[in-house]
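Colleague: After the sequence you'll find the predicted model.
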Amino acid sequence: MKKIQLLFVFLFIISLAKAQDRVITTGVPFLLVAADARAAGMADMGVATSADAFSQQWNPAKYAFAIDKQGFSISYTPYLTDLVNDISLGQITYYNRINEKSAFAGTLRYFGLGEIELRENAFDDPRIVSPNEFSFDGSYSLKLSEKFSMAVAGRYIRSNLKVAADNNDASAANSFAVDVAGFFQSEEIAYSDFNGRWRAGFNIQNLGPKISYDNSEFNSNFLPANLKIGTGFDFIFDDFNKIAVNVEFNKLLVPTPQRGIDLNGDGIVDSEDSTIAKSDYESIGWTSGVLKSFGDAPDGMSEELKEFTYALGAEYLYQDSFAMRMGYFHESPEKGARQFFSLGAGFKYTTIKVDVSYLFSASKVKNPLENTLRFSLTFNFGDKYDEY
């Protein structure tokens with residue numbers, strides 16, 4: 001029911017963090033949700049997969065290797081479908097490969113939490129609010145050689161989640177971020193029984209100031225800055241059949257909360273330590289936070305490694321017109337416990353491509369996208385480029 005939608009959302013967030021004292025949380029987490037069904041079908045990966053219209057979210061440097069000159073895509077992702085029916089993520093993307101060496105792209109992403117009824121008393125007339133968040137970004141990619149490209153992207157972020165109080169202050173929070181990405185794609189190599197192609201990529205995403213609803217250094221949240229790095233290989237058996245296998249690693253470039261530690265040196269971990277930890281954490285700037293994120297885990301390197309997630313994915317293509325996909329995503333049980341399998345399929349007819357995906361949770365922690373079909377639609381048009 002919409003009347004208790006907000007409560008369900010909060011309960012879901014709390015369930016993720018329960019018994020996980022040092023889970024890293026950020027503001028505007030919708031930026032990390034996989035919007036397109038192709039990437040979702042391979043367990044939310046895309047930093048080193050072949051270029052497509054949705055490369056903006058994963059690695060905009062891939063656009064310099066796009067086959068089609070232009071592309072336009074639309075995607076729709078229902079969210080928390082087991083609880084409510086009007087929370088969703090939508091995205092539209094356009095890219096244009098300007099010439100043999102460069103391309104630009106733009107994306108609008110919108111996350112709506114539906115309508116929420118607010119009452120002070122049970123029999124009051126409800127006040128309807130519709131919290132939402134959105135981002136708009138643009139990127140430019142350039143080939144530095146025949147096999148390697150880099151890209152930069154800028155992003156404006158607006159989060160309108162604040163509910164007006166008695167003073168009617170419901171101003172939205174704003175911030176901006178930049179990405180720096182690179183992509184490598186080899187020539188087609190002849191092996192004994194098949195041809196192959198190597199791919200690799202990285203993307204440092206969402207580097208920018210913390211986001212706050214009251215313009216205060218405190219009560220502010222880090223953006224979901226993260227490092228993606230991955231590689232893949234295409235098994236090209238003939239003109240009709242190809243299998244691509246991929247692996248990807250991801251790490252949030254956000255400091256680890258220092259919870260459960262004796263910070264005041266009295267030999268007891270209590271509420272005073274929690275207060276100190278909260279104050280110290282909020283005083284960290286976003287630039288120093290990126291640097292701290294590689295070595296601030298209280299339990300040392302063993303905990304630091306648990307902050308990496310990994311994904312494995314595969315895609316079978318027949319005549320570049322039909323695709324089957326599968327993948328597995330793993331996050332440490334102590335750092336969020338997201339673990340799931342995914343399946344996906346794609347169909348292409350002339351210039352139109354339709355992709356779908358489905359997620360199966362492999363963790364005791366419920367996934368917000370469990371039992372959800374994701375759809376994306378792509379239109380490619382214009383001249384085609386040779387790969388080399």
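Modeller: Ah, there it is.

Colleague: Now stretch 82-101: buried residues?
Modeller: Buried residues in stretch 82-101, defined by neighbour count with 16 or more other CB atoms under 10 Å: Leu83, Val84, Ile87, Ser88, Leu89, Gln91, Thr93, Tyr94, Tyr95, Asn96, Arg97. The way it works is simple: take the backbone N, C-alpha and C, and place the C-beta from them, glycine included.

Colleague: How about the secondary structure of the fifth one?
Modeller: When classified by DSSP: H, G, I helix; E, B strand; the rest coil, Leu89 comes out as strand.

Colleague: List the beta-bridge partners for it.
Modeller: Beta bridges link Leu89 to Thr77, Phe111, judged by DSSP bridges.

Colleague: what residues are up against it?
Modeller: Applying CB atoms under 8 Å, 6 or more residues apart in numbering to Leu89 gives the contacts Phe30, Val33, Ala35, Ser75, Tyr76, Thr77, Tyr79, Arg109, Tyr110, Phe111.

Colleague: let's see it at 10 Å
Modeller: Contact criterion CB atoms under 10 Å, 6 or more residues apart in numbering gives 30, 33-35, 75-79, 109-112, 133, 369, 374 as the residues in contact with Leu89.

Colleague: Can you name the two of the residues you listed that sit furthest apart?
Modeller: Glu133 and Arg374 (18.5 Å; CB to CB).

Colleague: quick one: which of those two has more around it?
Modeller: For the pair Glu133 and Arg374, the greater number of neighbours falls to Arg374 (26 against 23), based on other CB atoms under 10 Å.

Colleague: show me what contacts that one?
Modeller: 33-41, 75-78, 89, 342, 344, 355-359.

Colleague: Please apply the same query to Phe72.
Modeller: Ala53, Ile92, Thr93, Tyr94, Tyr95, Asn96, Leu377, Thr378, Phe379, Asn380, Phe381.

Colleague: least trustworthy position among these, going by pLDDT?
Modeller: Taking the contacts of Phe72 together, the minimum pLDDT is found at Phe381 (88).

Colleague: So that residue: helix, strand or coil?
Modeller: The three-state assignment at Phe381 reads strand, by three-state DSSP.

Colleague: shouldn't it be in contact with Ile67?
Modeller: No. Proximity of Phe381 to Ile67 does not meet the contact threshold set by CB atoms under 10 Å, at 12.0 Å.

Colleague: between these two, which one's more packed in?
Modeller: When neighbours are counted by other CB under 10 Å, Phe381 and Ile67 differ, and Ile67 comes out ahead with 16 against 12.
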